[in-house]
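> When you get a sec, could you give me coordinates for this:
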Amino acid sequence: MLLPVSTAPDGSPVELYERLPDLGEGDVVASVLPAGASLLELGCGTGRITRQLVRLGYRVTAVDESAEMLALVRGAETVQARIETLELGRRFDAVLGLVHGEMEYEAEGMHWRHSFAMRVFADDAELEAALAEAGLRLERRLDARWFVAVAGD
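Residues are numbered from 1 along each chain as shown. Below is the predicted model:
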């Protein structure tokens, strides 16, 4: 049964994202950043990764377009904005952002379907070219999904 749900401007179902469990992403980030670093999390949603980072002692600025999503974020500075037009006028030790996809979920008798734009890189060469366009370079991969990019030379 499909139920009506609150959705973010990109179609993300708020009630679903509120239920998603922590998957240890904070530990991946902590493996490469010093304690207390400042982080900018783009597309933070309801703060699933934000919670982990705050618990680990990071100073997080959580950005999302959805006021409904941001209302569920705790322990971090929140900024309601579109990522494409974000101008905070300051630097951070690291920036986190997630790719998008199409997902279907069921929980507690409810059903959600969510489609959103995605950019998947065919290989590291394609990723490196996209990072170069943004003035960054690939420093290293942490695993299949996470990588470290730094300011280009």
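> Which elements pack onto the longest helix anywhere in the chain?
As assigned by DSSP state H, the longest helix anywhere in the chain is helix 124-133. With contacts defined as 3 or more C-beta pairs under 8 Å, 6 or more residues apart in numbering; DSSP states H and E, the packing partners of helix 124-133 are strand 136-141. Where you see a C-beta, it was placed from the backbone N, CA and C, and this is true even at glycine.
> Next, the angle helix 124-133 makes with the strand it packs on.
Using axes from the mean of the first three to the mean of the last three C-alpha atoms, to 10 degrees, the direction of strand 136-141 lies 140 degrees away from that of helix 124-133.
> that older thread, show me what counts as buried in the longest helix of the chain.
Buried residues in helix 124-133, defined by neighbour count with 16 or more other C-beta atoms under 10 Å: Leu127, Leu131.
> now swap in stretch 74-86 and tell me
Buried positions in stretch 74-86, judged by neighbour count with 16+ other C-beta under 10 Å: Ala76, Thr78, Val79.
> The last one: what's it in contact with?
For Val79, the contacting residues are Thr61, Ala62, Val63, Leu86, Leu88, by C-beta atoms under 8 Å, 6 or more residues apart in numbering.
> Distance-wise, check it relative to Leu88.
Counting by C-beta to C-beta, to the nearest Å, the gap between Val79 and Leu88 amounts to 7 Å.
> Could you break the protein into its assigned domains?
Annotated domains of the chain cover 14-120, 121-153 [automatic domain parsing].
> and the first one, how far out from the chain's middle?
Looking back up the chat, that one is domain 14-120. Counting by C-alpha atoms, centre = their mean, to the nearest Å, domain 14-120 is centred 4 Å from the centre of its parent chain.
> Also the last one?
For domain 121-153, the separation from the chain centroid amounts to 16 Å (computed by C-alpha atoms, centre = their mean).
> I'd like the mean pLDDT over it, please.
Per-residue pLDDT values over domain 121-153 give a mean of 79.
> and the closest residue to Ala94 other than its chain neighbours, what pLDDT?
Excluding the flanking residues, the one nearest Ala94 by C-beta to C-beta, 6 or more residues apart in numbering is Leu39, at 5.1 Å. Predicted confidence (pLDDT) at Leu39: the value is 93.
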